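Any chance you can model this:
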Amino acid sequence: MNTTRLSVNINKIATLRNARGGDIPNVVEAAVNCQDYGAQGITVHPRPDERHIRYQDVRDIKPVITTEFNIEGYPTKKFIDLVLEVLPHQVTLVPDPPDVLTSNAGWDTVNNLSFLKEVIDEFKAHDIRTSLFIDTSPEFIRHAAETGTDRVELYTEPYAAEYLAGREKAVKPFTDAARLAHDIGLELNAGHDLNLDNLRYFVQNVPHIKEVSIGHALISDALYFGLENTIQMYLHELRG
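Alright, predicted model coming up:
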């Protein structure tokens, strides 16, 4: 049985709340419910403009969940200060510029090596596991190991985009990347555009994946199937 864990990204719930104002739906309640329904992790990605998850949401969620808490974001000083205040189980560093709609590329770990190493050293000094959002480039994966990160999160949008055209070809770069990362001592996460159609094939063919982070597709599916049922459906796909 596959042991990959499911972390639910709840950003889209915050997007819905912010569209109307007020506190419906309640983001903290949603995080607790996802946990109660079987999610093995909660992921949030506070951006500088707080257009979905707000910094205060992050502070409010941490004390009320017992499952793994993962904070994603670009390591500005404000973001770093938030992470060190909240002390999540994991921080996932993404190379997003402030105005990007959604994450659309992994780190260039060659040109950002010293910067990433400095940031990661600070997080590791506080016993926070670190992960770098990264493409399947062997060069970038090898340099990721030099930053001192514990994990890399494979950016899976290219796999999702090519899945219907030919899933064997689409998954191969990720299989190769996972093997390389594992061989040089990095643990593996994955995320972006994974869904009920492509998730099972991915985890069956990409070895060593510890965790997948899924938000947009899962929250969208919950509109049709209900949140509890949807989380169970994703867990079913992971178990294969």
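
How about the contacts made by the nearest residue to residue 193 once chain neighbours are set aside?
Once flanking residues are discounted, residue 193 sits nearest to residue 160: 3.5 Å by C-beta to C-beta, 6 or more residues apart in numbering. C-beta here means a position set from N, CA and C on the backbone, and glycine is covered the same way. By C-beta atoms under 8 Å, 6 or more residues apart in numbering, the contact list for residue 160 reads 192-195, 198.

Kindly recompute the last result at 7 Å.
Listed by C-beta atoms under 7 Å, 6 or more residues apart in numbering, the contact partners of residue 160 are 193-194, 198.

any low-confidence regions in the chain?
Applying pLDDT under 70 to the chain flags the ranges 1-2, 97-104.

Which residue lies nearest the spatial centre of it?
Taking C-alpha atoms, centre = their mean, the centroid of the chain lies closest to residue 213, which sits 4.1 Å from it.

Kindly confirm my reading that that residue forms part of a strand.
Yes - per DSSP: H, G, I helix; E, B strand; the rest coil, residue 213 lies within a strand segment.

Was I right to think it contacts residue 191?
Yes - with contact defined as C-beta atoms under 7 Å, residue 213 and residue 191 form a contacting pair (3.7 Å).

Looking at the contacts of residue 160, which are in helices?
Judged by DSSP state H, helices contain none of the contacts of residue 160.

now residue 196: how far from residue 188?
Counting by C-beta to C-beta, to the nearest Å, the gap from residue 196 to residue 188 is 21 Å.

Those two: who's more crowded?
Neighbour count, other C-beta atoms under 10 Å: between residue 196 and residue 188, residue 188 has more, with 25 against 16.

State whether that one is indeed within a helix.
No - under three-state DSSP, residue 188 sits outside any helix and is assigned strand.

I'd like to know the beta-bridge partner residues of it.
When bridges are called by DSSP bridges, residue 188 pairs up with residue 152, residue 209.
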